[in-house]
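Novice: need a 3D model of the following:
(4 chains)
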Number of protein chains: 4
Amino acid sequence: MSHSYRLIVSCPDRVGIVSRVSSFIAAQGGSITEASQHSDLETGRFFMRYEVRADTVGITYREFSDAFTPIAEAFDMDWAMTDSQDKPRVVILVSREDHCLTDLLHRWRNDELDCDIVGVVSNHTNMRPLAEWHGIPFHHVPVEAHHKAPAFAEVERLIDDMRADCIVLARYMQILPPELCARYAGRVINIHHSFLPSFAGAKPYHQAYERGVKLIGATCHYVTQELDAGPIIEQGVHRVSHCHTPRDLVRFGRDVEKNVLARGLRWHLEDRVIVHDNKTVVFA
Amino acid sequence: MSHSYRLIVSCPDRVGIVSRVSSFIAAQGGSITEASQHSDLETGRFFMRYEVRADTVGITYREFSDAFTPIAEAFDMDWAMTDSQDKPRVVILVSREDHCLTDLLHRWRNDELDCDIVGVVSNHTNMRPLAEWHGIPFHHVPVEAHHKAPAFAEVERLIDDMRADCIVLARYMQILPPELCARYAGRVINIHHSFLPSFAGAKPYHQAYERGVKLIGATCHYVTQELDAGPIIEQGVHRVSHCHTPRDLVRFGRDVEKNVLARGLRWHLEDRVIVHDNKTVVFA
Amino acid sequence: MSHSYRLIVSCPDRVGIVSRVSSFIAAQGGSITEASQHSDLETGRFFMRYEVRADTVGITYREFSDAFTPIAEAFDMDWAMTDSQDKPRVVILVSREDHCLTDLLHRWRNDELDCDIVGVVSNHTNMRPLAEWHGIPFHHVPVEAHHKAPAFAEVERLIDDMRADCIVLARYMQILPPELCARYAGRVINIHHSFLPSFAGAKPYHQAYERGVKLIGATCHYVTQELDAGPIIEQGVHRVSHCHTPRDLVRFGRDVEKNVLARGLRWHLEDRVIVHDNKTVVFA
Amino acid sequence: MSHSYRLIVSCPDRVGIVSRVSSFIAAQGGSITEASQHSDLETGRFFMRYEVRADTVGITYREFSDAFTPIAEAFDMDWAMTDSQDKPRVVILVSREDHCLTDLLHRWRNDELDCDIVGVVSNHTNMRPLAEWHGIPFHHVPVEAHHKAPAFAEVERLIDDMRADCIVLARYMQILPPELCARYAGRVINIHHSFLPSFAGAKPYHQAYERGVKLIGATCHYVTQELDAGPIIEQGVHRVSHCHTPRDLVRFGRDVEKNVLARGLRWHLEDRVIVHDNKTVVFA
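Specialist: Numbering: from 1, shown residues only, chains lettered A, B, ... in the order given. Below is the predicted model:
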């Protein structure tokens, strides 16, 4: 299978966008393997994602991208073009719970996640053997309860050193400082262990248990400066009953968390997620 | 099929309860067709529900019930015994949306809901033909926006006149006054059109749309004095995406609402729901 | 909201289709409100569905459709253009079970199904009051067990008289003769009460019970000459356990059936389903 | 938390069983932490599972078990008593796909599976590092396509050497010879990658793709001499559409398979599954 070029667009809706874009692609001989569009009738915004077989395009990626620029300007587009063979560089931040990390690494090894995982950072050391068994550098950055700034400075330095395109909080259990959230906006993906907006904050499974809900959930979202309030990428739920203790909820929740995070991350890595107004368009 | 006696128990957990209760039933020749128990290890509370074939019990229902009283006292039980042939009398309160009412009446006609529906009360008149087609008395009680007390007094009078055992708010869209909630505690079932505790209060689908959630839900719960905060009986969800407008959410929500309400009500009518500490044990 | 023109295309995939079609639409000023495409990489077939706001198109529907014909020919398209204000005429065939019919009529009354329901045909009479309460003509066509031909001739005559665009077997429980299946190919929608291909044929819930499955299902499909083997439009499942009797399975199944049928029919009516090679593309 | 004794019973239903059993337990001071019963009204069979806190029972496990024997005989019971601290010994058979093995080992390390995994046997070698990283002996037993008997003799010898209580076919992709199926009846658990009885046999995802189903599934079942026809413990499904290639189905299927297998195995290990008439009672 050839690699592909992905064109991601968000712009004010008007007549002729699809025509202009698809004609441009056809003029280069580009064979479209996947096309998704969405007209948001409430906001008048248009979103599209095209996947084009690279080997059918008669010019180079750079030329292709440059040639598109005037069209983008004419339609006032927020846009990106990516080449599927330029794999995003992913850093995973993790605390002591290993289910999300294990799951992501397994999927990565099985080619379900099209990226390079370039490092695992943790405030604990127990994930080191797992990361290293997968051949991934492990960085231990302890976080002191009342003096966290140095740790986050170190995390930031590591992320920069590793030239990360995407940071995954795979149950990191630490709240990133606002300036980091701002700096990496749209590139930090978190898994929250509740069905947001219910049970934001700490110990959501215990909150859910106390409230007596009949379904628990997990939410994959982009991190913003406001805690657990960023754009939601994906959610999932699991049925519970009076039989289940908080410990059972935690156990069921692990399965939901890892599946929801894996789906959300996969979509992000394949440029299937577009953020607008604190919400996401997901061309799954 | 014979009718059955149902024994519902909630009491402090200790050794010997099941033995004592089941021996009592066996001594009367009672054949147990369904037995459910739950030991809540957090609260030390024990819950049980036994269903016994009435035609295998050698004594009358009254004698059976009386004979059980000393056991109940010995174990400090909250308990009830019911006869499945004494059908609960149900009053349905409804506003202008008909999906829940249509669904409940259809299930009732198909013997899915073991009750007598003795009346439909509405602040609008458009449900009258539907109710009357099913042979159910319809009562129109308009509610004035800034002067609701007389309406609720009339609703209360109707409920009493109809000797209702159970009041179903099938999208009634009115908040019952606290004294009614208190008076009918454990007997008023509401369907809320969100996945509580998210989006309590008004226009939950629009709240959900604004937040950009990927699943919407509905919650069937007992009404208490605190709005949308009573014990949850059942919940359900439906997947949504960026494609869906608030109108779509409302449409998907109707299906979730009616299914969740129907399940919750069915369980209530079959004495499968026990409330404790603002949570429910549901022996579904 | 304006009505819309829907363009449905299935053709061999090649470079330039989207460009040609979207340029055609843009040239008429057409505003695309919904666009779906699918390139089937296994078969090399391309499918698309565009929805265009009628009030933005500068020419008449007939002119619009005529002008598209040369493009369709150039790309060897199977295609259709429809106007959303030309509502399909639907006839529902039903036997003695009323859950699907009740559900469809309720959704129709609530504007969830964009069609005219022009008649209900049944081999029994018990659905007459329900149909007539909704103002729909009811036709009783008894089917004699060993002499069915006259009944099916009468059914065919009724369908033709009513100029039905779509025939829904809403638990009709009769096998249509092959010549009718052939004549109305792609226009007859059935709900089968199992998760096909499991448990085709009679009494699927009892087959499921005997096999001890843990999920039961229902399948909405187009009727073809081979029993229960036509293109599948939609499926759904419901969890069951050892607790459940065949009667419970039938009860759960009713909910799955009606939801699955309603979704499948809605998609069909909105021209969202394209059949190819005994499979469906569903632009849901 | 104390360990517990589990009592599992299957016998003809009659009045007095629960009374007799629970009185026996109460007489020893036994505190019941979980109790499940099921009366199968079709077959007249009764099933129960009681979990009793070991530290509340005044006699030894052996005495407790011996004392129960006369009751079991009086009621013609098939029965077992187990001690939760006697962990079952599990051998996992696997081929080249690692998702089920990875998942089981991860859950086991996280105390979700209460057993000792005593060995991994494979006809390939690529799982060796994974098994050994978890400290589990790995045995490579190649299977020759047209001369399989020696391999199965070796597998049998290994199973016996390891004194396995339970054999898990975690995508083993080999059909066990009938005599092994017979010898280990009720102890071999397989995950089949389809929603049985649909798509038994080879390449189920491709069969599913060809048929155009809208949900794919997986089935965890006990292995019997008849291929893919043993008692079903658990099933799950995943939604698919025309967008998805066979490769996507395989990918989605992996998630369903591992979750369904993990649930089924967990229930088996906790003595929650009782087989009767090629069906299971699962006290989940």
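Novice: quick one: mean pLDDT over the longest helix along chain A.
Specialist: Ranked by residue count, the top helix of chain A under DSSP state H comes out as helix A:246-269. If you average the pLDDT over helix A:246-269, you get 97.
Novice: gap between it and the chain center?
Specialist: Helix A:246-269 sits 13 Å away from the centroid of its parent chain (C-alpha atoms, centre = their mean, to the nearest Å).
Novice: go through it and flag the buried ones.
Specialist: Buried residues in helix A:246-269, defined by neighbour count with 16 or more other C-beta atoms under 10 Å in any protein chain shown: A:246, A:249-269. Any C-beta I mention is one placed from the backbone N, CA and C, and that applies to glycine too.
Novice: next secondary structure element downstream of it?
Specialist: Once the chain leaves helix A:246-269, the next helix or strand it forms, by DSSP states H and E, is strand A:273-276.
Novice: from the buried residues of helix A:246-269, list the ones also adjacent to chain D.
Specialist: Contacts with chain D within the buried residues of helix A:246-269, counted by C-beta under 8 Å from any C-beta of the partner chain: A:251, A:254-255, A:259.
Novice: where do the helices sit along the stretch 101-250 of chain A?
Specialist: Assigned by DSSP state H, counting those that start in this stretch, the stretch 101-250 of chain A shows helices spanning A:128-133, A:149-161, A:178-183, A:204-211, A:246-269.
Novice: buried set for stretch A:188-204?
Specialist: Neighbour-count burial for stretch A:188-204 [16+ other C-beta under 10 Å]: A:188-199, A:204.
Novice: what does chain A have sitting close to chain C?
Specialist: Residues of chain A lying near chain C (C-beta under 8 Å from any C-beta): A:13-16, A:18-20, A:22-23, A:25-26, A:29-35, A:37, A:39, A:41, A:56.
Novice: how about a cut-off of 7 Å?
Specialist: Neighbours of chain C within chain A, by C-beta under 7 Å from any C-beta of the partner chain: A:15-16, A:18-19, A:22-23, A:26, A:29-35, A:37, A:39, A:41, A:56.
Novice: was I right to think residue A:3 contacts residue A:54?
Specialist: Yes. With contact defined as C-beta atoms under 7 Å, residue A:3 reaches residue A:54; the gap is 5.0 Å.
Novice: ok, those two, which is more surrounded?
Specialist: Of the pair residue A:3 and residue A:54, residue A:54 is the one with more neighbours under other C-beta atoms under 10 Å in any protein chain shown, namely 18 against 13.
Novice: and the more buried one, what is it in contact with?
Specialist: For residue A:54, the contact set (C-beta atoms under 7 Å, 6 or more residues apart in numbering or on different chains) comprises A:2-5, A:83.
Novice: got a markdown table for these, with secondary structure, distance to residue D:67 and pLDDT too?
Specialist: Shown next, in a markdown table, are those (DSSP: H, G, I helix; E, B strand; the rest coil; distance: C-beta to C-beta, whole Å; pLDDT from 0 to 100):
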| residue | secondary structure | distance to residue D:67 | pLDDT |
| --- | --- | --- | --- |
| A:2 | coil | 73 | 82 |
| A:3 | coil | 71 | 94 |
| A:4 | strand | 71 | 96 |
| A:5 | strand | 75 | 97 |
| A:83 | strand | 74 | 97 |
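Novice: which neighbours do residue A:3 and residue A:54 share?
Specialist: Counting by C-beta under 7 Å, 6+ apart, the residues touching both residue A:3 and residue A:54 are residue A:83.
Novice: distance check, residue A:113 against chain D.
Specialist: Residue A:113 sits 11 Å away from chain D, going by C-beta to the nearest C-beta, to the nearest Å.
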